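J.: sequence first, predicted coordinates after that:
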Amino acid sequence: MTENIDISSHDKHIVFIGFMGAGKTTIGQLVAKKLHRDFIDIDHEIERIHQMPVSAIFQELGEASFRKMERELIVALCSETRSKILSLGGGAYMQEEVRKACLANCIVFFIDVSWDSWKERIPLLIDTRPILQNKTLDQIEELFLSRQSTYAMSHYTISSSDMDAETAANQIVESLKQA
Ligand SMILES: Nc1ncnc2c1ncn2[C@@H]1O[C@H](COP(=O)(O)OP(=O)(O)O)[C@@H](O)[C@H]1O
Ligand SMILES: O=C(O)C1=C[C@@H](OP(=O)(O)O)[C@@H](O)[C@H](O)C1
Ligand SMILES: [Mg+2]
């Protein structure tokens, strides 16, 4: 676990960012349970609100509409006072407005995964992540690499490459207790 920049408050929302399949949803859910906090997965919340799977939103309404939905939802949640655990979709943090809201109001954990470990998770992701459709492995790697420096704008980095989700969640809870 790496602490990237100083964090001042314990009462902030905790936000998980990182590439598709890094484990944000799985780890976020576990951390929320351990800390007895409300959990919101942004993709699932968008699906619940709009009564459509994310892949159908991409297909029928387009990516720009999805990005607007996630931006508005995250910014609104960031201003709520009851602190929550939020797992973002992998592209949400690419939007400046989302980054600013998260960095100002939340403790942001970058769930990192190496490219080699990520490739092993492809079968778990390919059917449900529209961003991966019609792309070569090289194109996906390019996207993976291009997002790394933006994810690094976070408070903590934890690698999920060689760690199961339960172990990662325990490390995160420990680091929050010590902070
Ligand atoms: N640390 C991990 N090691 C191996 N597989 C994992 C790990 N965390 C999550 N997974 C698996 O990878 C897939 C994607 O996980 P998910 O939590 O949905 O990632 P994200 O929300 O970052 O896209 C799921 O099938 C999940 O079981
Ligand atoms: O990286 C992205 O652009 C996306 C990641 C997905 O979430 P996960 O990171 O939870 O897979 C989901 O928001 C959508 O398919 C777009
Ligand atoms: Mg997710």
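T.: Looks like it arrived, so ask away. Numbering: from 1, shown residues only. Ligands and ions are numbered 1, 2, ... in the order given.

J.: now do the SS call for L86.
T.: strand (DSSP: H, G, I helix; E, B strand; the rest coil).

J.: give the burial count for it, as a bare number.
T.: 27 (other Cβ atoms under 10 Å). C-beta coordinates here come from the backbone N, C-alpha and C atoms, glycine included.

J.: what's the closest non-adjacent residue to it?
T.: V15 (4.8 Å; Cβ to Cβ, 6 or more residues apart in numbering).

J.: pull the contacting residues for the one you found.
T.: I85, L86, S87, L88, C102, C106, I107, V108, F109 (Cβ atoms under 8 Å, 6 or more residues apart in numbering).

J.: now do K84
T.: Contacts here follow Cβ under 8 Å, 6+ apart; on that basis K84 touches H13, I14, A32, R37, D38, F39, I40, L77.

J.: what's the burial count for the first one?
T.: In this case it means H13. Counted by other Cβ under 10 Å, the residues lying close to H13 total 24.

J.: check the fourth one too.
T.: For R37, the number of neighbouring residues by other Cβ under 10 Å comes to 14.

J.: I figured it hits S83, correct?
T.: Yes - using Cβ atoms under 8 Å, R37 is in contact with S83, at 6.5 Å.

J.: anything in contact with each of those two?
T.: With Cβ under 8 Å, 6+ apart as the test, R37 and S83 both reach I14.

J.: centre of the chain to the top strand by length along the chain, how far?
T.: If you go by DSSP state E, the chain has its longest strand at strand 106-112. Per Cα atoms, centre = their mean, to the nearest Å, the displacement of strand 106-112 from the mean C-alpha position of its chain is 8 Å.

J.: tell me which residues are up against it.
T.: 4, 7, 9, 12-18, 22-24, 27, 78, 86, 102, 151-152, 154-161, 168, 172, 176, 179.

J.: repeat that with 7 Å
T.: With contact meaning Cβ atoms under 7 Å, 6 or more residues apart in numbering, strand 106-112 is reached by 7, 12-18, 22-24, 27, 78, 102, 151-152, 154-160, 172.
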